[in-house]
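> give me a model of this one.
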Amino acid sequence: MRKVVVFMAFVAAIMFSVPAFAHFQMIYTPESALEKGEKITLELVFTHPFEAGHTMDMGEPEAFGVLHKGKKKDLLEKLKPITWTSLTNSGKAYEISYKLRGMGDFVFYLIPSAYYEPAEGAYMQQITKMIVNVAGAPTDWDAEVGLPAEIVPLDKPYALWTGNVFRGIVKSEGKPVPFAEVEVEYLNHNPLSDKNMFAKEAAVESPQDAFVTLTIKANANGEFVFGIPKAGWWGFAALGVGPKTEYKGKELSQDAVIWIQARDMK
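Model prediction:
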């Protein structure tokens, strides 16, 4: 009996020593700042972006649409199921081709179905935004979509140089969330949209696991700030800020996610 107890303790120690990299719901397209309107492809993938690690199976989304010049357009029926391949597995994802018409900001938003994480014994639902701009005309980048959990940007998410800061306000049902915990990850492996997979080559190597998923805290007004050290896509996830805390009798974390893109000054 004692041997069994010791063995189980050993197994538990190994399990808890394994780093738990963060889940991030992605809405990805290569370029967020375009000179003119064109047809773009968006991939909706639930994965671990820094490591291009395990890709979770997405269920059918609850809502997907775009906000442009104050008007929302429902795009849920236009989503197409795909299979996305990470460095370790393949998972169910979605994609859509969408024609950007006119100038201004196109705020794409997603309410995915709740995902059950067996390792945590809980559900998570990452409510996500990503903004594409056409011709540099600002229209909706700082608008609130009205999502249950939402990060409202204080800086244009598509007009950031490397070395700038990105600021946002974490909100739950339109109200700021004081001292919200915000996880930050870099999209470290280039998405190969034509192949529905991540490139094997990493852009950077982390010196230690704490650098894979960075954690920052919002202030008393729900505002946070992050200095951008490298060009590319960065994801921000405010954890457990949504109003719902239970789903199917288990704990639910409703997270607010936003993606930004920074560029090097040349």
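> so what's I169 bridging to?
For I169, the beta-bridge partners under DSSP bridges are V152, E223.
> so who does it touch?
I169 makes contact with 151-152, 154, 176, 218, 221-223 under the criterion C-beta atoms under 8 Å, 6 or more residues apart in numbering. (C-beta placed from N, C-alpha, C; glycine too.)
> and it, how far from P178?
Going from I169 to P178 by C-beta to C-beta, to the nearest Å gives 11 Å.
> so what's in contact with those two at the same time?
For the pair I169 and P178, residues contacting each of them under the criterion C-beta under 8 Å, 6+ apart are 218, 221-222.
> quick one: secondary structure of A210?
The three-state label for A210, taken from DSSP: H, G, I helix; E, B strand; the rest coil, comes out as helix.
> all helices of the chain, in order?
With DSSP state H as the definition, the chain shows helices at residue ranges 2-17.
> which stretches of it have low pLDDT?
1-21 (pLDDT under 70).
> mind putting the shared contacts of I169 and P178 in a markdown table, neighbour count and distance to P207 included?
Putting the shared contacts of I169 and P178 into a markdown table (neighbours: other C-beta atoms under 10 Å; distance: C-beta to C-beta, whole Å) gives the following:
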| residue | neighbour count | distance to P207 |
| --- | --- | --- |
| A218 | 22 | 26 |
| N221 | 12 | 33 |
| G222 | 21 | 31 |
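> just put those in CSV and tack on distance to A237.
As requested, the shared contacts of I169 and P178 are arranged in CSV below (distance: C-beta to C-beta, whole Å):
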residue, distance to A237
A218, 12
N221, 19
G222, 15
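> go through these and name the one nearest G121.
Compare each of the shared contacts of I169 and P178 with G121 using C-beta to C-beta and the shortest gap goes to A218, at 26.6 Å.
> contacting residues around that closest one?
In this structure, A218 makes contact with 169-170, 177-182, 224, 238, judged by C-beta under 8 Å, 6+ apart.
> before I go, just wanted to say thanks for your time.
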